[in-house]
Each structure stands twice: as C-alpha cells, then as structure tokens.
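*Asks:* Turn this into a structure:
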Amino acid sequence: MGDMSNEIKLLTGNSHTKLAHLVADRLGIDIAKTMCLNYSNEETSVTDPLLTFLRPNNTVFILQSTAPGDVNDGLMELLIMIHACRTASARRITAVIPNFQARQDKKDRSRAPISAKLIANMIQTAGCNHVVTMDLHASQIQGFFNIPVDNLYAEPDVLRWIRENLPLEKCVIVSPDAGGAKRATSMADRLDLSFALIHKERPRPNEVGRMVLVGDVKDKIAILVDDMADTCGTLAKAAKTVKDHGATEVLAIVTHGILSGNAIENINNSCLSKVVVTNTVPLGDKIQRCPKLRVVDVSATLAEAIRRTHNGESVSYLFTRIPI
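*Replies:* All right, here's what the predicted structure looks like:
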C-alpha cells in the first residue's frame, strides 16, 4: 500500500454528478462516498461517510457546479461540504466550481448588492483555501477573494471544436455585446479570423433593446461567442441582426449553457443553426428538446487542473492548451 494521505480526494454534491464522474474517470480515481441530503424541512445535511475517509493532512477537491433552478441549494451544499472537511482537519480544500453563478459583480445602479463578493466571503469563511473555476462572467471576481483563484478558459476546447467542424476561411467571430469583445477578439486572433461586434441597448436585465452591428459579416458563417446563455433572448436577437446583414449561417458558442426559462423555445425558433455549449452546467433533457444543441466536454481540462494543483505544477499551462 502506498501513502494514502497523498491521494487526490475528490468530493461532489448533487448538482452535477455527471461532470464529477467524468473528471474522476479522467484522473483514474473514485469519487469519495458522501451523502448530501435534505431533511423534510429542506435543510441540507452532509452525512458521516465524508468524515470517515478523511485523514488529517489530506488535500481535498470539491467539485460543485450550480444547476439552473438549483443555484442556492448548490451553493449551500458546497459551503457545508467545505466546512465539514475543515472540521475534519483537511490540510487544503480546493473548491472546483466550473460555473461560478454570480453575475452581480458591480453596482450597476444605486444601492444594488454586489452579491458575487458576498459569495466569495461565504466560501472563504466556510474554510476554502483555493478556488478553481472556468470563464468567470467578469474576471475582476478573482479579486473578491483573498485566496488564490484559478480562472480556467474553455477557449482551447472551443477552438478545437471550431477547427474540426467549420470551414475556417468562411467564418467571422461576432461578440453579441461590447462586454464580450475581449473574449471574441482573443478567439479571432487565435484563429486568424475577422471580428465584428454588436452594440445593444439594454433597458432592463434580461431584456434587449436596439442592436447595431459594427463590422462585416456578409457571405460569412458568423460565430457568436459569449460566456453564458441564459434565456437566449440576446443570442436570438443577435443572430437575427447578423443574418439581416448578409451572413450565410449563424451559430453560437457559449461556455455556460444555463438555458433557463424559455431558452429552448428561443433557440428552436431562432435563425441559429447550432448552439454549442460546454458541460460545465448540467443539461438534463435539454439535448433531446433542442436538436440544435452541441456539447463540448471540458472534464479533461478540469481534471488536469486538479492534477496540476495537487502536484504543485503550473495551471496557467491550460490557459492556451488542451490536455492530451
């Protein structure tokens, strides 16, 4: 028997067990047996098996990605698991949160809460030492933590999908809003493609006003790039704007396919030919309900980030490369 204390200990809650098993398979380990359950009054409990496998000085990774409609429960489960590991004397606790679901990252109006900062405080207070996440909605969220945060990028996985599935010479990258321009220009540079931008006026959250296209998409395959797709109202409207300007085909590539509310109907009724999402968020029956959906698996990148963190290797290697 080897030194059991140096093995990677991987835990997960109930929010995205499928992704956790893909990561565990990639690492060649088993997920630690834990039981996250709710009492009849909906109070979340993490039961004893969690504490029995842990030894003092173990390094623990907790993978928890928030599912649509289950964001608050997923967060509570994560906090309780972190706290349980802390009280069981774990040496180092890393929270792997592929979809850090906290969009309220600035005061966009008077007296608005900056909830992302509150969640950062809660994760730290529970006893977390390190956070690994993917494609944060706003990169400044890293600064809300006083512990190290590794913000991985889905870009390498997405670039591979584009190269394997699309005729590059006919494509143009389009950002559906000004906020995503940096992400879109980065992809355009890596693929050596031209870039266009849509300027939108947003009267209220989740509601889009007028859209103006800046750039040329005529006779091109337009690839809309964003970090998340929620109700998909913006994407559908952006796709129509691009199509009206002469694009031959429009598809969307987003990291976090939250797809809540009437998102599936919006996609099915839109002029989008495909919507490519990663599996950072559980999709459930949405793949069956939406024939336009394509899924890119990012479990290899998350698994490699866990392995590199555990072994003290560079995680920034993964910012531009896909693990073999």
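*Asks:* Might you list the low-confidence residue ranges for the stretch 201-324 of the chain?
*Replies:* Across the stretch 201-324 of the chain, residues meeting the criterion (pLDDT under 70) sit at 202-209.
*Asks:* what about the helices in it?
*Replies:* 233-244, 263-268, 286-289, 299-311 (DSSP state H, counting those that start in this stretch).
*Asks:* Reformat those helices as a markdown table; add distance to residue 161 and mean neighbour count.
*Replies:* C-beta: built from backbone N, CA, C; applies to glycine. Conversion of the helices of the stretch 201-324 of the chain to a markdown table gives the following (distance: least, Cβ to Cβ, whole Å; neighbours: other Cβ atoms under 10 Å):
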| stretch | distance to residue 161 | mean neighbour count |
| --- | --- | --- |
| helix 233-244 | 17 | 21 |
| helix 263-268 | 18 | 20 |
| helix 286-289 | 16 | 14 |
| helix 299-311 | 13 | 21 |
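*Asks:* Pull stretch 83-90 out as CSV, backbone CA atoms only.
*Replies:* Once non-C-alpha atoms are left out, stretch 83-90 reads as follows in CSV (Å, rounded to 0.1, in the frame of the first residue of the first chain):
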residue,chain,number,x,y,z
HIS,A,83,-17.0,23.3,6.4
ALA,A,84,-17.3,19.5,7.1
CYS,A,85,-13.8,19.0,5.5
ARG,A,86,-12.4,21.9,7.5
THR,A,87,-13.6,20.5,10.8
ALA,A,88,-12.3,17.0,9.8
SER,A,89,-8.8,18.6,9.7
ALA,A,90,-8.2,18.6,5.9
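*Asks:* Could I get the buried residue list for that stretch?
*Replies:* Neighbour counts over stretch 83-90 (16 or more other Cβ atoms under 10 Å) mark 83-85, 88, 90 as buried.
*Asks:* Identify those among the residues you listed that sit within helices.
*Replies:* Among the buried residues of stretch 83-90, the subset assigned to helices under DSSP state H consists of 83-85.
*Asks:* Redo those residues as JSON lines? Include pLDDT and distance to residue 182.
*Replies:* As requested, these are arranged in JSON lines below (pLDDT from 0 to 100; distance: Cβ to Cβ, whole Å):
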{"residue": "83", "pLDDT": "92", "distance to residue 182": "36"}
{"residue": "84", "pLDDT": "88", "distance to residue 182": "38"}
{"residue": "85", "pLDDT": "88", "distance to residue 182": "36"}
